[in-house]
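1. Kindly return the folded structure for what I paste below:
(one chain, ligands or ions: 2)
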Amino acid sequence: MEKLYTKDTQAIFWNNNKTAIQRMLDYDYTIQRKTPSVAAIVAPTSGNKFEKFFYGPDEIMVPLFKSTAEAKKAHPNADVLLNFASFRTAYDVTMEAVELGGFKSIMVTAEGIPERLARKMNNAARKAGVTVIGPATVGAIVPGAFKIANIGGTIENIVNSKLHRAGSCGLITRSGGLFNELSNIIAINADGIAEGVAIGGDRFVGSVFIDNMLRMEKNPDVKYMVLLGEVGGTEEYKVIEAVKSGKITKPIIAWCIGTIAKHFSSGVQFGHAGASANADAETAAAKNKAMAEAGIHVPASFNDLPKTIKEVYTDLLANGTISKIPEPVINTVPKVRRSKEFICTISDDRGDEATYAGFPISSVATPDTGKGIGDVISLLWFKKQYPEWATQFIETVMKTVADHGPAVSGAHNAKVTARAGKSVVEALVTGLLTIGPRFGGAIDGAAQHFKYADDNGLTPAEFLGHMKKEGIPIPGIGHRIKSLKNPDLRVEGLKKFAKEYFPATPLLDYALTVEQLTTSKKENLILNVDGTIGILMVDMWRALGYTEDEINEFISSGTLNAFFIVGRSIGFIGHILDEKRLAMPMYRHPMDDILYDVPVAEKI
Ligand code: ACO
Ligand code: LMR
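-> Ligands and ions are numbered 1, 2, ... in the order given. Below you'll find the predicted structure:
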């Protein structure tokens with residue numbers, strides 16, 4: 001890996017840490033990234049499907065997933081995992097991601113991961129070729145390309161520290177706070193940084209100074225490096241070795257903080273877990289001396305660091321290694337932003353002409369477009385352009401269920417309501433409210449139960465037994481007047497259409513074996529029109545390439561009954577208009593058609 005991140009890098013963010021994610025997206029907007037740097041969020045306990053964030057003045061939806069595996073499956077290109085899990089779960093989250101594969105780098109923010117686990121985790125990642133940044137870090141940044149969470153601070157600070165575009169310095173620190181301080185110093189005394197990593201303050205971190213510096217050596221954008229080491233540990237000696245052996249040739253400016261330790265009588269533990277010298281060689285003073293001897297630019301004190309940076313930068317500028325960087329155009333994140341209350345993902349009325357899923361109405365409305373109501377439904381209900389066989393099937397369903405005479409529950413109710421003097425819409429909704437599990441609204445149930453049986457390999461007899469145990473009649477089976485002897489020709493028509501035009505009808509084939517069994521018990525227990533529609537819609541969606549999860553979601557949200565609702569509205573309105581045309585008086589049900597059984601109420 002030559003560069004840690006590019007302008008196309010996308011991350012999966014583990015934990016819905018809204019402030020940190022918003023900071024990343026504000027950064028993306030500022031540097032004019034084409035895609036948001038956070039592709040997905042893993043939020044195991046959330047029931048939500050997305051989280052809204054600002055992208056400049058607008059808002060975008062970032063999808064939420066229950067697990068890293070699901071997020072990675074949906075966003076295979078996101079090759080960075082930002083592990084913001086607590087110290088209790090961070091190890092498991094990293095190990096799972098390493099095992100899943102497909103991540104080039106994993107950043108672990110948690111502080112306090114047990115050292116034994118941290119070592120195991122770092123080793124596993126190293127073996128798998130994954131760069132781990134952290135634990136106990138604010139992360140890393142490739143200015144102008146990708147920034148992790150809170151590194152660099154607020155957007156104002158980022159622009160002030162020139163972290164919005166690539167400079168020439170490769171910056172490596174342990175601490176996040178000093179990282180910000182140094183990027184500011186480098187912005188003032190040089191031209192900013194090309195890549196920066198705060199490796200984290202724990203004793204055992206994933207990628208150490210040398211890992212990052214060897215990568216920066218290969219990165220053509222990095223012209224020199226600034227290393228801020230610390231008292232404790234021997235990692236700086238690996239850098240010294242690399243310089244001596246010629247593995248690192250780019251100029252390095254380095255300083256180890258903690259030189260004050262020598263003024264204390266006993267060993268001092270600084271803020272970081274790793275910041276304590278266990279031997280003379282681990283003291284800041286010894287390391288500074290050794291680095292200077294190896295030819296690394298080591299200032300006389302931390303206060304002289306800016307001066308040294310300026311000198312090295314000026315030399316590199318003078319000898320042509322570094323050229324002046326043109327300042328890029330950036331976007332300004334608005335100060336005041338208002339979150340939107342509603343979201344619409346199907347149609348848009350803001351332009352000259354409203355669109356259905358991106359298609360102007362005129363492109364689907366008139367006969368010359370060749371589009372029908374099936375196309376309009378596929379756009380507005382499913383946000384997809386279905387192939388002709390599928391849109392034709394949808395239209396066939398609508399036409400098939402448009403009406404079934406005045407005697408059926410819904411039509412009867414609509415007629416009675418119209419005759420009570422109610423309006424078309426009032427009478428229509430009365431009819432519509434009759435649609436339910438027994439009448440017209442068994443389509444979702446049929447799809448759900450037959451799919452369950454087929455998915456689980458139940459034989460028809462096992463399926464019947466299962467439904468008996470559930471205590472519900474099989475949705476999609478049975479009809480009041482239709483039977484083997486009086487077949488429902490609507491069902492025959494739908495089956496014929498499917499056999500002719502569907503690529504395959506596995507669920508219908510299964511349902512027909514169930515029907516054989518139910519009709520052998522009672523001849524009206526046929527696969528009815530609701531059942532046929534539900535089952536064939538599943539076959540249609542499978543053939544269209546939907547996943548099982550997507551199909552299950554269509555079913556659970558009531559999508560299938562909606563075909564009956566729209567189709568039968570045509571018939572209901574017909575009956576209502578019929579009543580109005582005939583100027584029918586109010587209906588009163590004949591009393592002789594009612595069994596009155598009303599005993600005198602007991603006194604209690
Ligand atoms: N699954 C299992 N057994 C059934 C089913 C079924 N879907 N439907 C009826 N039976 C059995 C009943 O248990 C009853 O058995 P029993 O005689 O041993 O007591 C017998 O058949 C008659 O039951 P009814 O409810 O009187 O049947 P009816 O023919 O009057 O009802 C109805 C028709 C309501 C459609 C019924 O079959 C049913 O509830 N089906 C499931 C729901 C459904 O698919 N509705 C959509 C119908 S199509 C449309 O509305 C456009
Ligand atoms: C319908 O389409 O309304 C029916 O199948 C119900 C019925 O009883 O005819």
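2. Is the spatially most central residue of the chain within a helix or a strand, and which one?
-> Against the mean C-alpha coordinate of the chain, by CA atoms, centre = their mean, the closest residue is P63 at 2.5 Å. Under the criterion of DSSP states H and E, P63 resides in strand 58-65.
3. list the helices and strands the following helix or strand past that strand packs on?
-> Later in the chain than strand 58-65, the nearest helix or strand by DSSP H and E is helix 68-74. If contacts are counted by 3 or more CB pairs under 8 Å, 6 or more residues apart in numbering; DSSP states H and E, helix 68-74 sits against strand 11-14, strand 38-42, strand 58-65, helix 90-100. The way it works is simple: take the backbone N, C-alpha and C, and place the C-beta from them, glycine included.
4. most tightly surrounded among the ones you listed?
-> strand 11-14 (a mean of 28; mean count of other CB atoms under 10 Å).
5. The residue nearest to D488 when sequence neighbours are not counted - how many residues pack around it?
-> The spatial neighbour of D488 that comes closest, neighbours along the chain excluded (CB to CB, 6 or more residues apart in numbering), is K482 at 4.0 Å. Neighbour count for K482, taken as other CB atoms under 10 Å: 18.
6. K482 reaches E492, doesn't it?
-> No. Counting by CB atoms under 8 Å, E492 is not a contact partner of K482; they are 10.6 Å apart.
7. Who are the contact partners of the residue nearest to the centre of the chain?
-> Residues counted as contacts of P63 (CB atoms under 8 Å, 6 or more residues apart in numbering) are 40-41, 49-50, 71, 74.
8. And it, how close does it get to A40?
-> Separation of P63 from A40 (CB to CB, to the nearest Å): 5 Å.
9. circling back to that earlier point, who are the contact partners of the residue nearest to D488?
-> 488, 491, 524, 526, 528 are the contacts of K482 under CB under 8 Å, 6+ apart.
10. if you set the cut-off to 7 Å instead, what comes out?
-> 488, 524, 526, 528 (CB atoms under 7 Å, 6 or more residues apart in numbering).
11. Looking at these, which is nearest M591?
-> N524 (30.5 Å; CB to CB).
12. Please look at that closest one and P473 and confirm they touch.
-> No. Counting by CB atoms under 7 Å, N524 does not reach P473; the two are 12.0 Å apart.
13. What number of residues are in the vicinity of the closest residue to ligand 1 within the chain?
-> Minimum separation of the chain from ligand 1 (CB to the nearest ligand atom) falls at G478, amounting to 2.1 Å. By the measure other CB under 10 Å, the count of residues near G478 is 21.
14. what kind of secondary structure is the residue lying closest to K371 once chain neighbours are set aside in?
-> The shortest distance from K371 to any non-neighbouring residue, by CB to CB, 6+ apart, is to V364 (4.0 Å). Recorded secondary structure, V364: helix (DSSP: H, G, I helix; E, B strand; the rest coil).
15. Could you verify my assumption that V364 touches T355?
-> No. With contacts counted by CB under 7 Å, V364 stays clear of T355, the gap being 9.6 Å.
16. now Q385: how far from ligand 2?
-> 30 Å (CB to the nearest ligand atom, to the nearest Å).
17. what about that residue, how many neighbours?
-> When neighbours are counted by other CB under 10 Å, Q385 comes out with 15.
18. Could you check the pLDDT of S265?
-> pLDDT, S265: 58.
19. Kindly report the same for the one 3 residues further on.
-> The confidence metric pLDDT takes the value 59 at V268.
20. State the phi and psi torsions of the closest residue to I248 other than its chain neighbours.
-> Leaving aside its sequence neighbours, I248 sits nearest to A242 (CB to CB, 6+ apart; 4.4 Å). Reported as degrees, to the nearest 10, the phi and psi values for A242 are phi -60, psi -40.
21. and what of T355?
-> phi -120, psi 150.
22. got it, and P599?
-> phi -70, psi 160.
23. Ok, C256 next?
-> phi -100, psi 120.
24. So it sits against A286, correct?
-> No. Contact criterion CB under 7 Å: C256 and A286 do not qualify, at 8.6 Å.
25. Of the two, which one has the most company?
-> C256 (25 against 19).
26. for the more buried one, what are its contacts?
-> 229-231, 236, 284, 287-288.
27. how about a cut-off of 10 Å?
-> For C256, the contact set (CB atoms under 10 Å, 6 or more residues apart in numbering) comprises 227-233, 236, 282-291, 298, 302.
28. How about K289?
-> 256, 283, 298.
29. looking at this, it is in a helix?
-> Yes. According to three-state DSSP, K289 belongs to a helix.
30. Do you know the pLDDT at it?
-> 95.
31. Tell me the spacing between it and ligand 2.
-> For K289, the distance to ligand 2 - CB to the nearest ligand atom - is 91 Å.
32. Centre of the chain to stretch 60-70, how far?
-> Averaging C-alpha positions (CA atoms, centre = their mean, to the nearest Å) puts stretch 60-70 3 Å from its chain's average.
33. Sorry, wrong one. I was asking about stretch 479-494.
-> 45 Å.
34. Same check on stretch 71-85?
-> Centre to centre, stretch against its chain (CA atoms, centre = their mean), the figure for stretch 71-85 is 9 Å.
35. mind listing what's buried in that stretch?
-> 71-72, 75, 78-85 (16 or more other CB atoms under 10 Å).
36. and which of those residues is nearest A190?
-> V80 (27.2 Å).
37. for the closest one, what are its contacts?
-> So V80 contacts 4-5, 9-13, 37-39, 103-107, 131, 133, 139-140, 146, 148 (CB under 10 Å, 6+ apart).
38. ok, 6 Å please
-> Residues in contact with V80 (CB atoms under 6 Å, 6 or more residues apart in numbering) are 9, 11, 105.
39. The second one: what's it in contact with?
-> What that stands for is A11. Taking CB under 6 Å, 6+ apart as the test, what A11 contacts is 37-38, 78, 80, 82.
40. can you check L517 too?
-> Taking CB under 6 Å, 6+ apart, one finds P460 in contact with L517.
41. Quick check: it vs ligand 2, distance?
-> 21 Å.
42. and if you look at Y356?
-> 29 Å.
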